[in-house]
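Undergrad: Provide a 3D model corresponding to the input given below.
(one chain, ligands or ions: 1)
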Amino acid sequence: MTDTACDLSGIAEANLDHAQSPSGVLGRIWLWTLRLAGQIRRQVLSRFRPRYVARMRRLRRGTCRNCGSCCNLTFRCPFLTAESRCIIYDHRTLTCRDFPIDTKDLELTRVPCGHYFDAEPREPDRANSPD
Ligand code: SF4
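TA: Numbering: from 1, shown residues only. Okay, the predicted model is just below:
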């Protein structure tokens, strides 16, 4: 599915001003680099900051629009069908289940995500401290 062909219904109101339209080759390279860094960041958070990820999961609102944007940030996931359906959905990885971990992830999708956050701890370190 191409970005422009994606159904835009179900976008969280908080994400309506989302815009990912880099201009020029350098802009696209920069955004791709940011998306790659975001993927690495999610892996690190899932592995080393599980309490932060769990807390953010509780703050996450909205619903998945099945747009497939998070499955296609840098390279297209091989488990994604042409209709943007995940063929291993019930067995997908933790980082897939946890997308978006926080608002930083929301800035990286090609089209606005259906999720949003009511509130967010300022830093993962604080979020990992005992309540
Ligand atoms: S989590 Fe968000 S970006 Fe990923 S498929 Fe669902 S709506 Fe799209």
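
Undergrad: Now for Thr74: which residues touch it?
TA: Residues near Thr74 by C-beta atoms under 8 Å, 6 or more residues apart in numbering: Trp32, Arg35, Leu36, Gln39. For the C-beta atoms, the positions are set from N, CA and C on the backbone; glycine is no exception.

Undergrad: Report how many residues lie close to the closest residue to Leu59 other than its chain neighbours.
TA: Distances taken as C-beta to C-beta, 6 or more residues apart in numbering put Phe117 closest to Leu59, at 5.0 Å, once the chain neighbours are dropped. Number of residues near Phe117 (other C-beta atoms under 10 Å) recorded here: 18.

Undergrad: Quick check, Phe117 in contact with Thr103.
TA: Yes: counting by C-beta atoms under 8 Å, Thr103 is a contact partner of Phe117 at 5.7 Å.

Undergrad: ok, back up a step: just the ones in helices from the contacts of Thr74, please.
TA: Cross-referencing these against helices under DSSP state H gives Trp32, Arg35, Leu36, Gln39.

Undergrad: Next one: the last one from Leu73, what distance?
TA: As defined by C-beta to C-beta, to the nearest Å, Gln39 lies at a distance of 6 Å from Leu73.

Undergrad: So these two - more neighbours on which side?
TA: Using other C-beta under 10 Å as the criterion, Gln39 and Leu73 rank with Leu73 on top: 21 against 18.

Undergrad: Would you mind giving both backbone torsions of that one?
TA: Dihedral angles of Leu73 (phi, psi; degrees, to the nearest 10) stand at phi -80, psi -50.

Undergrad: list the contacts for it?
TA: Arg35, Leu36, Gly38, Gln39, Leu108, Thr109, Arg110.

Undergrad: quick one: contacts for the spatially most central residue of the chain?
TA: In the chain, the residue lying closest to the centroid (C-alpha atoms, centre = their mean) is Pro100, at 3.8 Å. With contact taken as C-beta under 8 Å, 6+ apart, Pro100 is in contact with Arg60, Cys70, Leu106, Thr109, Cys113, His115.
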